[in-house]
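In: Here is a sequence together with a model predicted from it:
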Amino acid sequence: MVEIYSLEMDKARQRAGRAELALERAEELLDGDGNVAVNLALCCRIRGAQRRVSEARARLRKIESARTERLRIG
């Protein structure tokens with residue numbers, strides 16, 4: 001059972017890392033010189049990346065709390 005939690009935690013960490021990287025890249029592109037249409041598209045991309053980061057972190061917390069609860073129960 002511990003292996004399943006480890007696998008899920010690894011997948012969730014990877015998902016969070018990828019989402020954070022995508023957010024950083026989009027923010028860097030927004031800082032560059034671009035026209036209004038590009039900036040609007042980047043803002044949309046940044047919002048999506050922020051949402052994915054939030055969801056990935058929530059997934060990590062959920063897995064960790066379930067693991068802690070399972071270990072506490074026995």
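Out: Everything's here; your move.

In: okay, CA-based contacts and neighbour counts for the rest of this
Out: OK.

In: Please report the distance of residue 13 from residue 3.
Out: Noted for residue 13: a distance of 15 Å to residue 3, by CA to CA, to the nearest Å.

In: Between those two, tell me which one has more neighbours.
Out: Using other CA atoms under 10 Å as the criterion, residue 13 and residue 3 rank with residue 13 on top: 16 against 8.

In: Give me the nearest residue to that one, chain neighbours excluded.
Out: residue 60 (7.0 Å; CA to CA, 6 or more residues apart in numbering).

In: residues of the strand or helix carrying that neighbour that come out buried?
Out: For residue 60, the element it lies in under DSSP states H and E is helix 36-73. Neighbour-count burial for helix 36-73, counted by 16 or more other CA atoms under 10 Å, picks out 39, 42, 45-46, 49-50, 52-53, 55-57, 59-60, 63-64, 67.

In: now stretch 11-27
Out: Buried residues in stretch 11-27 (16+ other CA under 10 Å): 12-13, 15-16, 18-20, 22-23, 26-27.

In: pLDDT, secondary structure and distance to residue 73 added to those, as CSV?
Out: Shown next, in CSV, are those (pLDDT from 0 to 100; DSSP: H, G, I helix; E, B strand; the rest coil; distance: CA to CA, whole Å):
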residue, pLDDT, secondary structure, distance to residue 73
12, 87, helix, 24
13, 89, helix, 25
15, 89, helix, 29
16, 89, helix, 28
18, 91, helix, 33
19, 89, helix, 33
20, 91, helix, 34
22, 89, helix, 38
23, 89, helix, 38
26, 86, helix, 43
27, 86, helix, 43
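
In: Many thanks, have a good one.
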